[in-house]
Structures are given as C-alpha cells and as structure tokens.
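Q: the following block contains a protein sequence and its predicted model.
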Amino acid sequence: VCEVANPLNSQLQINSPSARWSVTQIASHLGTMIHRRKTAHMNTQRMHTLRRLQNLWVPCITAIVLACFSNAAAQARYTVQDMGLRNPDNLGMAMGLNNYGGTLIMDQLLDHFTLSTLYPAVKGTDRISIGDRNIELGTLGGTNSSINWNGINDPGQAVGMSETSELDPNGEDLCGFGTHLICLPFVWQYNVMVALPTVGGNNGQASAINNSGQVAGYAENGVADSTCPQGITNFMVDLPVMWTNGVATALPTINGDPDGVAFGINDRGQAVGYSGTCTAATYAVVWENGTATQLPDLGDQEIGRAHV
C-alpha cells in the first residue's frame, strides 16, 4: 500500500509501510547504486548492462508515482453540512442537488400528536440552499408547498406542487396538508413560482426537471377513478404527464392502466415512472418519444416503479 503526500509539491513523497522517500531521494539512491556497480566492474558487457539499468529507472519511478497517485485519488473525503431547519418545522429533507451545489430542500411541520412513520404533515414549504444563502420558493396562493426527488436542474429551475387559495370542489387533498385546497404542479424560475396546467382535472404534481426545462410528473384528467376504493380522499384518475415549454402532454400507460406517474426525466427527454391503478403501481415504465415501454421486474408482480 502506498500513498502520495503533497501531490502538487515539487518535493513529491511516496509513503509506504516501510519507507518514506521523495522522488529525488529515490533517483539519487538508484543513481548511487549504479555508480557503485560501474566503478566495481569495468568490463564492457557489464557497462552495457548498467547503461540499460540506468535507462530503466525513470519509467520505474514513473510507474510507482502513478500507482500512488491512483491510490490517493481513490481515497475521497467528504464533509457533512447541516442545511438547517425552518422554525417551527421539525422535518427537513434535502430532495435534490444540481451540479453547482444548489440543494432543493423540503421543510415540514409534522403532527406532534401522531406517533407514526406515516406522518401527517400540517405545514410545509420549500427552499433552495446555495452555501449559506436560502431562497424561499413560496406558494401559488395557499399556505403550503411540497416537492419530490430530482426537482432541480443545473440552470436553477425547481419543480413541485403547491396549494392555491381555492378549495378543491371534490374535497380532494392532493398536497396532503389537510387543507383540501387545490394542489397544482409548479415550476420555479427567476424567483417566481408559476403553475403548470393539468390535463383536465384540478390537481397535479411536477416531480422532476431536466436541464432543457422539460418536466415530468402527473396530473388529474377530471374523471373519477373506478379502481379507487370507496371513501378514499383522492379518487380522480392520475395520468403521467410531460410538460415542454409549459404545455402538458399526457403519456400513455401499459395495458390500458387507468393511472400512472412519471417520477424522473433525463436530458435526452426520457422519462421514467410507473403504470397502474388507484392503489397499486403495476409496471415500471420508461417513456421515450411518447411511447411507453415496460421495464423488466425482479419477479414481484405486485409492484413496479422506476425512479431516477
């Protein structure tokens, strides 16, 4: 095992369990060994051999140094940064990260009187954290907003879902804060949150955004879902949706499934998610050029989801 000390220093050192040498010291040592052998043996054949050895020490040292650099590069180190929490919230989650360090964070206040991992959030907002700076995303007129994974791109656009100030006419509560306000997908850019259209219904969610600004998520189409059990709060059909330049396009499902959700999207415009019913994700799906392709599962036919 070896490691490089001060890799940018001209006095490069190679550390091993048995020695600590600089490159200069190694070269000098090998040169001294060669010189001693030359003065001790003066015949032509051995002189030829020594010249060959002298020519070999440079690539040998190079190989050692490169091996140590490789080992040092593999020993990556990380630090943990506390992103803070908004008072009086008691849950903070980093949900997305772009290549410039912009972190999309969800702050929520959980019900203190409910002891369950299936928490009911009673309040929630979102922010982008860049170093010590926090940028609040705001809402679409209501009190709360929320986000999913992968909701920020390199240009700094962010997506999610937000309450409006209007009550849902069907009594749904898609944002999940118990207010029963209409919950719309949004895109945040240039310090402004803008609602994205649904595909005929009242509610929806934007889940992910690529570097071209294409958004993947889901939205209601305004039709009651026959696969929903009696008495469920959110009972309308949810369709997988892609938004391009603010225009919503419903994506197809698999085998005529009534519902689907797109969770992620890459820079090639490929989206992933699932196809299923009101209560079950049946197939993991990739969408490309408007076509849905079922992804293979691991033998469990009860559920299939694709995330990125």
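A: Nice, I can see it.
Q: Gly178: neighbouring residues, count only.
A: Using other Cβ atoms under 10 Å as the criterion, Gly178 is surrounded by 14 other residues. Placement of C-beta: from N, CA and C, glycine included.
Q: ok, now how distant is it from Ile105?
A: Noted for Gly178: a distance of 22 Å to Ile105, by Cβ to Cβ, to the nearest Å.
Q: could you do Gly124 as well?
A: Distance of Gly124 to Ile105, computed by Cβ to Cβ: 11 Å.
Q: these two: who's more crowded?
A: Comparing Gly124 with Ile105 by other Cβ under 10 Å, the one with more neighbours is Gly124, at 25 against 22.
Q: right, and the more buried one touches Ser145 too?
A: Yes - here Gly124 lies in contact with Ser145, judged by Cβ atoms under 8 Å, at a distance of 6.5 Å.
Q: return every residue with contacts to both of Gly124 and Ile105.
A: Among the neighbours of Gly124, none is also in contact with Ile105 (Cβ atoms under 8 Å, 6 or more residues apart in numbering).
Q: separation between Asn266 and Asn210?
A: 6 Å.
Q: these two - which one has more neighbours?
A: Legend: neighbour count by other Cβ under 10 Å for Asn266 and Asn210, higher for Asn210 (21 against 17).
Q: what distance separates stretch 188-198 from the centre of its chain?
A: Stretch 188-198 sits 21 Å away from the centroid of its parent chain (Cα atoms, centre = their mean, to the nearest Å).
Q: list the buried ones in that stretch?
A: Using 16 or more other Cβ atoms under 10 Å as the test for burial, stretch 188-198 gives 188, 193, 195-196, 198.
Q: over to stretch 269-284?
A: Using 16+ other Cβ under 10 Å as the burial criterion, the residues of stretch 269-284 that qualify are 270-278, 281-284.
Q: CSV for these, including distance to Ala292?
A: Listed next are the buried residues of stretch 269-284 as CSV, based on distance: Cβ to Cβ, whole Å:
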residue, distance to Ala292
Gln270, 11
Ala271, 10
Val272, 10
Gly273, 10
Tyr274, 10
Ser275, 7
Gly276, 12
Thr277, 16
Cys278, 19
Ala281, 14
Thr282, 12
Tyr283, 9
Ala284, 11
